[in-house]
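Asks: generate coordinates for the sequence data below:
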Amino acid sequence: MKYFKSLVPFVAGWALLLFTDTFAAIGLYNGLLQLVLFSLVVCIPIWMTGRMSYVDIGWPLGLTLIGGLTWWLSDGEPLRVAMVSVVYLFVGSRMAFGALKLWWMGRLKQEFPRYEYQKQRWLAAGKTNTSLAMQVDALWQGLANASFLAMPAFVIAANSSEPIHALEIIGLLVWVGAFGMESVADMQKLNFLRAMKKAGERNRVCNVGLWKYSRHPNYFAEWMVWNGLIIASIPSWLTLYAVESLVIWLLLGVGLLFASWKMYSTLVYDTGAEPAEYYSAQKRPDYKVYQQTTNRFFPGPRK
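Replies: Now for the predicted structure:
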């Protein structure tokens, strides 16, 4: 049971969609297609190679799939459907293209450090069957796409109300700002690494620009991208009160909040900040000082 416990909330989230009057059909199609996608792109390659890195291809392709299904099957107000579908299509295809580029360059022939760190945590937790643990880990990420990560798209695209609510505009602005912040942070780090390489410096700590105020501004911005979608989904969630039972309606609201929490915990603990810092502290002599003076996740003044 210790191997499969992590699947429980995501199976429950998918079941919730299947028990709704509004999302049963699209939830079923999405869930089945996500399982097929992850089986072919992630689970089989993991089984053949013993490497988890293929998740970085399957997960964003799953977001692209959500965007396509939302556009095709949703019957809400067309502008609202197009807006949220394009967001998922853009984000998913952008990340998938980057991962496929790494695969083409042969970078997936070696396990990413964050997944090596994950394997160490499994062993520490008594999960000695690493092959099974990898398959379960891949499966919960596919189920996340089938459940909570699809909820903002499905909820927004089900709203047939013509007026665009202020919260939808605010959510979109949060999304745009967060995406811009993530792009700037990535570019600042890339420029820093290029400058250090040109200067012949190795293993230096990137503490320029946004990296002065957070050790992981890109992860924080990625979290805010999802929060923007969740904010934008609030007005559409409120309209579901008239068509779903009170229990289902409340559980959908909890599901939207759970999506935010799960993205936070993933970006901080699972495959984000914690494993990245484990290796950075070993590799970069000044990193421990950086940890003492700079917030880990939320941007703030230097200490």
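Asks: okay, CA-based contacts and neighbour counts for the rest of this
Replies: Will do.
Asks: what is the neighbour count of Lys303?
Replies: Applying other C-alpha atoms under 10 Å, we find 10 other residues in the vicinity of Lys303.
Asks: what sits closest to Glu111 if chain neighbours are left out?
Replies: By the measure of C-alpha to C-alpha, 6 or more residues apart in numbering, the closest residue to Glu111 outside its immediate chain neighbours is Arg51, 5.5 Å from it.
Asks: would you confirm that that neighbour contacts Arg107?
Replies: No. Arg51 is not in contact with Arg107 according to C-alpha atoms under 8 Å; the separation is 11.6 Å.
Asks: tally of neighbours for Met83?
Replies: Look at Met83: counted by other C-alpha under 10 Å, it has 16 neighbours.
Asks: thinking again about what came up before, OK, contacts around the residue nearest to Glu111?
Replies: Applying C-alpha atoms under 8 Å, 6 or more residues apart in numbering, we find Arg51 in contact with Pro45, Gln110, Glu111.
Asks: most neighbours of all these, which one?
Replies: Neighbour max across these (other C-alpha under 10 Å) = Pro45, 17 neighbours.
Asks: quick one: what helix or strand has that residue in it?
Replies: Using DSSP states H and E, Pro45 sits within helix 44-49.
Asks: for the one residue sitting closest to the centre of the chain, what is the enclosing helix or strand?
Replies: Centrality entry for the chain: nearest residue to the mean C-alpha point is Met263, 5.7 Å, by C-alpha atoms, centre = their mean. Assigned by DSSP H and E, Met263 belongs to helix 246-265.
Asks: packing partners for that helix?
Replies: Contact analysis of helix 246-265 by 3 or more C-alpha pairs under 8 Å, 6 or more residues apart in numbering; DSSP states H and E lists helix 8-18, helix 151-157, helix 217-239 as its packing neighbours.
Asks: can I get the CA coordinates of that helix in CSV?
Replies: Extracted in CSV, the C-alpha atoms of helix 246-265 (Å, rounded to 0.1, in the frame of the first residue of the first chain):
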residue,chain,number,x,y,z
LEU,A,246,-24.1,21.0,-3.2
VAL,A,247,-21.7,18.2,-2.3
ILE,A,248,-20.3,18.0,-5.9
TRP,A,249,-20.1,21.7,-6.2
LEU,A,250,-18.2,22.1,-2.9
LEU,A,251,-15.8,19.2,-3.8
LEU,A,252,-15.0,20.9,-7.2
GLY,A,253,-14.1,24.0,-5.2
VAL,A,254,-11.8,21.9,-3.0
GLY,A,255,-10.4,20.3,-6.1
LEU,A,256,-9.4,23.7,-7.5
LEU,A,257,-7.7,24.6,-4.2
PHE,A,258,-6.0,21.2,-4.2
ALA,A,259,-4.5,21.9,-7.6
SER,A,260,-2.8,25.0,-6.3
TRP,A,261,-1.5,23.2,-3.2
LYS,A,262,-0.2,20.2,-5.2
MET,A,263,1.6,22.4,-7.6
TYR,A,264,3.2,24.3,-4.7
SER,A,265,4.3,21.0,-3.0
